[in-house]
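> Build me a model from this:
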Amino acid sequence: MKNGCYACHGREGQGSPTTGPRLGPNPVPLATFTAYVRAPRGQMPPYTGKVVSDAALADMVAFLQSRPAPVSIDSLVPK
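Model prediction:
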């Protein structure tokens with residue numbers, strides 16, 4: 001919330017087709033996540049260690065790992 005990630009990726013890391021990709025519930029490994037946040041491609045701005053610490057990035061990945069998987073569309077269709 002503090003750095004505005006939710007504006008594009010949603011409060012649960014669910015993403016949006018128009019603003020930012022899904023990040024969870026199965027995020028990329030921490031090293032990959034950190035490298036991308038530090039030097040992203042596309043429209044995402046880079047976040048230096050002064051803006052988001054490595055510890056905060058580890059917390060983000062842990063949060064994303066804790067999110068439940070989305071329900072399948074099949075579970076929503078009456079049988």
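
> Could I get the contacting residues of M1?
R11 (C-beta atoms under 8 Å, 6 or more residues apart in numbering). Quick note: C-beta positions are derived from backbone N, CA and C, even for glycine.

> how far away is it from F63?
11 Å (C-beta to C-beta, to the nearest Å).

> Going by secondary structure, T34 is in what exactly?
Using DSSP states H and E, T34 sits within helix 30-38.

> ah, wrong one, I meant A58
helix 54-66.

> what sits against the most centrally placed residue in the chain?
Compute the mean C-alpha point of the chain, and by C-alpha atoms, centre = their mean the closest residue is L23, 3.1 Å away. Counting by C-beta under 8 Å, 6+ apart, L23 touches H9, G13, G15, L64.

> Grab the nearest non-local neighbour of it.
G13 (3.8 Å; C-beta to C-beta, 6 or more residues apart in numbering).

> got it, and D54?
That would be T34: by C-beta to C-beta, 6+ apart, it lies 6.5 Å from D54.

> so how many other residues sit close to that neighbour?
19 (other C-beta atoms under 10 Å).

> do G49 as well
13.

> Just say helix, strand or coil for V28.
Recorded secondary structure, V28: coil (DSSP: H, G, I helix; E, B strand; the rest coil).

> And it, how far from K50?
With C-beta to C-beta as the criterion, V28 and K50 are 23 Å apart.

> same check, this time on Q43
For Q43 relative to K50 (C-beta to C-beta), the value is 21 Å.
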